[in-house]
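S.K.: Following is a predicted model, sequence given first.
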Amino acid sequence: MRAFLLALLLSYSPLLLAGSLAPFAAEFRIYVNKLPTPVKADLVLKPAHGNDNYHMLLKAKSFMLTNTEESFFQWRDCQPRTQKYLHEFEGFGKHRFHRMDFQWNPPKVHNESEDDQESLDIPDNTLDELTILLRGRCVFASGERNYTVTSVYGDRLRTHHFVVIDEETIDTPLGKLDTLLVEKKRDGDSKKKRRTLFWVAPSLDYMVVKARHIESTFLKADMIMIDYSEPETPAEPAKTVTPEAG
């Protein structure tokens, strides 16, 4: 069950429209076989220091586990360019982590985990596991219905395929939203019944508002958005008025 919940949490990120990324904060609740679990997840995107730099944080926590993922990346040519990726899991008596530094000339990732250090050559445009869905923002906004990305986690490269398979209107905390139903497939998956689905809302910059992971006929999980907010625009400072002489 720990591995299943961890795989579920690692699957979900936002999809956004072209241009600069809009900061947001969203909260999700996880259900297993339609029953609510104590696990809630917060997903936050905000600007980082420097032009076109961003920080994305996904944190899931309950009395059983804590799972944290962070990505520091640049946004260039409508896709992320990872600088640093961090993942830490603690629960069920285990503590695991990956700290990954990306370099791009030549493309390489340097990874430190709880029991190893290693470097790996990677293809250009390789993404981290948290930001793989960001590539879809321009793809889906342009009307295309599928795309493929490569991600790296530790010393493993993975190929993911995202395909729009339907359109649905669903209920959310923000009311009814029209969504695209996207399925993620991964090369080398040995389980034929395993599926991962995302409902993304074009009106919310292709934000994931619902996700479902089907591990088998008897094990299914949903991740449903229960809150969403955008940061308020800070008020302009009051102007100082200098009294006229005389």
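M.R.: Noted; the coordinates are in hand.
S.K.: tell me which residues of stretch 207-221 are tucked away?
M.R.: By 16 or more other C-beta atoms under 10 Å, the buried positions in stretch 207-221 come out as Met207, Val208, Val209, Lys210, Ala211, Arg212, His213, Glu215, Ala221. All C-beta spots, glycine's among them, are computed from the backbone N, C-alpha and C.
S.K.: was I right about the last one contacting Leu197?
M.R.: This means Ala221. No: contact criterion C-beta atoms under 8 Å: Ala221 and Leu197 do not qualify, at 11.0 Å.
S.K.: Now list whatever residues contact both of the two.
M.R.: Arg212, His213 (C-beta atoms under 8 Å, 6 or more residues apart in numbering).
S.K.: follow-up on the earlier one: tabulate the buried residues of stretch 207-221 (JSON lines), appending distance to Ser113.
M.R.: Output for these, formatted as JSON lines (distance: C-beta to C-beta, whole Å):
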{"residue": "Met207", "distance to Ser113": "31"}
{"residue": "Val208", "distance to Ser113": "28"}
{"residue": "Val209", "distance to Ser113": "33"}
{"residue": "Lys210", "distance to Ser113": "32"}
{"residue": "Ala211", "distance to Ser113": "26"}
{"residue": "Arg212", "distance to Ser113": "29"}
{"residue": "His213", "distance to Ser113": "24"}
{"residue": "Glu215", "distance to Ser113": "25"}
{"residue": "Ala221", "distance to Ser113": "26"}
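S.K.: among those, which are in helices?
M.R.: Using DSSP state H, no member of the buried residues of stretch 207-221 sits in helices.
S.K.: of these, closest to Asp52?
M.R.: Asp52 has its nearest neighbour among those in Met207, at 20.2 Å by C-beta to C-beta.
S.K.: What residues are bridge-paired with the closest one?
M.R.: Ala201 (DSSP bridges).
S.K.: wouldn't it be in contact with Leu180 here?
M.R.: No: Met207 is beyond contact range of Leu180, at 11.3 Å (criterion: C-beta under 8 Å).
S.K.: Check the contact lists of the two and give me the overlap.
M.R.: Val200.
S.K.: List the residues that contact Phe28.
M.R.: Residues near Phe28 by C-beta under 8 Å, 6+ apart: Tyr12, Lys40, Ala41, Asp42, Leu43, Met223, Ile224, Met225, Ile226.
S.K.: Name the nearest residue to it, ignoring sequence neighbours.
M.R.: Distances taken as C-beta to C-beta, 6 or more residues apart in numbering put Ala41 closest to Phe28, at 4.4 Å, once the chain neighbours are dropped.
S.K.: partners of the helix or strand containing that neighbour in the sheet?
M.R.: Using DSSP states H and E, Ala41 maps to strand 35-47. Applying DSSP bridges, strand 35-47 is found paired with strand 24-32 (antiparallel), strand 53-61 (antiparallel).
S.K.: Switch these over to TSV; also include distance to Lys185.
M.R.: Conversion of the strands paired with strand 35-47 to TSV gives the following (distance: least, C-beta to C-beta, whole Å):
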stretch	distance to Lys185
strand 24-32	22
strand 53-61	22
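S.K.: of all these, which lies closest to Ala141?
M.R.: strand 24-32 (16.9 Å).
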